[in-house]
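In: sequence plus predicted model, see below.
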Amino acid sequence: MRTDYHIHLHESNGLSLEWLKVYVEAAQAAGIEEIGISEHAYFFDETAGILTHPWAERRRTLKFKDYVALYEAAQAANLPVRFGLEMDYIPGKEEAIARFIERYPFDYVIGSVHWIGDWGIDLAEFRDEYERRKIDEVYEAYFDQVVTLAESRLFQFVGHIDLVKIFGYRPKDGAFLEAQYDRVVAALQKNGTLIEVSTAGLRKPVGEIYPSPQLLEKCRAAGVGIVLSSDAHHPKHVGYRFEEAVALAKAVGYTEIHRFEGRRAIPVPLD
């Protein structure tokens, strides 16, 4: 079975059943049997107070009832769509995040780290910040948050787990980077948090799948489960270069991916 659970609609053409059907058609053409909508949480008024950066505040224009209505319409139309969300993990906001999540019947919630303090690490407008900071300290701060994200047990899987490499900046010390991976994998394994194998990085400056083969291999050895994701922001991205993601997962020893119902991970064969 093939799935793609990291799907965004709003920025390309809004939240409508007609637009969602275009995504479903694109998925079916790519051999994907089930998708999940996972809009960015910061778009919704109900998440005010979680991610408070002005960049996000300017984009908070939606009501969550409309998102729920979209999913209900998809169910009524018998579309193979799961109900998800991508939530920015912000340290110290765990209680607010938990209250929000518990209000709605999610099939899964993706936890992602996009911010180190007030720095949006994957935003092109803030890219120069990498030149002003020590890269080892950036990676350590980033993976600190991935560890506490897992420890929060609020999320079913981590989005683009090594997103910090997006612009190609990396520590020079391989042993340092391996130590970061090891502590992240230990936190994932202990807390039952999965990761996505995401082809989004192939569309970014780094030109690589998230995560790196080394990190994915460590996850496999620790028994950390995986999800296939494209992080689609347009129908043409659905299932983007999934054969490469599947090949990487198989190369490090994975034989299963996971689908979700009611925030419960269900293993299915990786074919």
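Out: Sure thing, it's come through.
In: any idea how far residue 112 lies from residue 42?
Out: Distance, residue 112 to residue 42, using C-beta to C-beta, to the nearest Å: 11 Å. For the C-beta atoms, the positions are set from N, CA and C on the backbone; glycine is no exception.
In: where do the contact lists of these two overlap?
Out: Common neighbours of residue 112 and residue 42 (criterion: C-beta atoms under 8 Å, 6 or more residues apart in numbering): residue 88.
In: which of the two has more neighbours?
Out: Higher neighbour count among residue 112 and residue 42: residue 112, with 26 against 22, using other C-beta atoms under 10 Å.
In: isn't the more buried one up against residue 158?
Out: Yes: between residue 112 and residue 158 there is a contact under C-beta atoms under 8 Å: 7.1 Å.
In: can you give me the strands in this structure?
Out: 3-7, 34-40, 81-88, 108-112, 115-116, 119-120, 157-158, 194-198, 226-229, 256-261, 264-269 (DSSP state E).
In: packing partners of the fifth one?
Out: Of the remaining helices and strands, those touching strand 115-116 by 3 or more C-beta pairs under 8 Å, 6 or more residues apart in numbering; DSSP states H and E are helix 135-152.
In: got the CA coordinates for the helix it packs on in CSV?
Out: Extracted in CSV, the C-alpha atoms of helix 135-152 (Å, rounded to 0.1, in the frame of the first residue of the first chain):
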residue,chain,number,x,y,z
ILE,A,135,26.5,25.5,12.4
ASP,A,136,27.2,23.0,15.2
GLU,A,137,25.2,25.2,17.6
VAL,A,138,22.4,25.5,15.1
TYR,A,139,22.2,21.7,14.7
GLU,A,140,22.4,21.1,18.4
ALA,A,141,19.6,23.6,19.1
TYR,A,142,17.5,22.1,16.3
PHE,A,143,17.8,18.5,17.4
ASP,A,144,17.2,19.6,21.1
GLN,A,145,13.7,20.5,19.9
VAL,A,146,13.3,17.2,17.9
VAL,A,147,14.1,15.3,21.1
THR,A,148,11.6,17.2,23.2
LEU,A,149,9.0,17.0,20.5
ALA,A,150,9.3,13.2,20.7
GLU,A,151,9.3,13.3,24.5
SER,A,152,6.0,15.3,24.5
